[in-house]
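Asks: no FASTA, just this:
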């Protein structure tokens, strides 16, 4: 089975949590409660997918606990705060910035993988050379 590493900055949900922290400490005035609600709805469907895929009970319970701590509790703390249309616009702008960040990150990761592919030798061991060794070996050919 192939696994993919997902870094924390690649999940929009984590961006919403940071937004919540900024809101609580009055760093930003825009309320994230609608986006926390949306994240909870998405997480509910993720739980259903985990159950459908027969994930372990431990895995499902850990996911529910982490969602409760990271999204449900923050939402309960700010559910009665005032919000307006500007909060939604800020969330949409944040999502747009997130999308641009992911796109740029994807391009750089792809370039990094391609550069690493260049640095591998063709012998059976597939030993990785340093960039300097690669340059020196190509100049001697």
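Replies: Arrived safely. Values in this document were obtained by computation on a predicted structure and should not be read as measured data.

Asks: What residues does residue 86 make contact with?
Replies: Residue 86 sits next to residue 30 when contact means Cβ atoms under 8 Å, 6 or more residues apart in numbering. Backbone N, C-alpha and C define where each C-beta goes, glycine included.

Asks: what about the helices in the chain?
Replies: Taking DSSP state H as the criterion, the chain contains helices spanning 12-24, 33-52, 57-67, 73-78, 85-119, 131-139.

Asks: Show me what the first one is packed against.
Replies: In terms of contacts (3 or more Cβ pairs under 8 Å, 6 or more residues apart in numbering; DSSP states H and E), helix 12-24 is packed against helix 33-52, helix 73-78, helix 85-119.

Asks: any chance of the ones you listed in a markdown table, plus distance to residue 60 and mean pLDDT?
Replies: Shown next, in a markdown table, are the helices and strands packed on helix 12-24 (distance: least, Cβ to Cβ, whole Å; pLDDT from 0 to 100):
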| stretch | distance to residue 60 | mean pLDDT |
| --- | --- | --- |
| helix 33-52 | 5 | 93 |
| helix 73-78 | 19 | 95 |
| helix 85-119 | 27 | 81 |
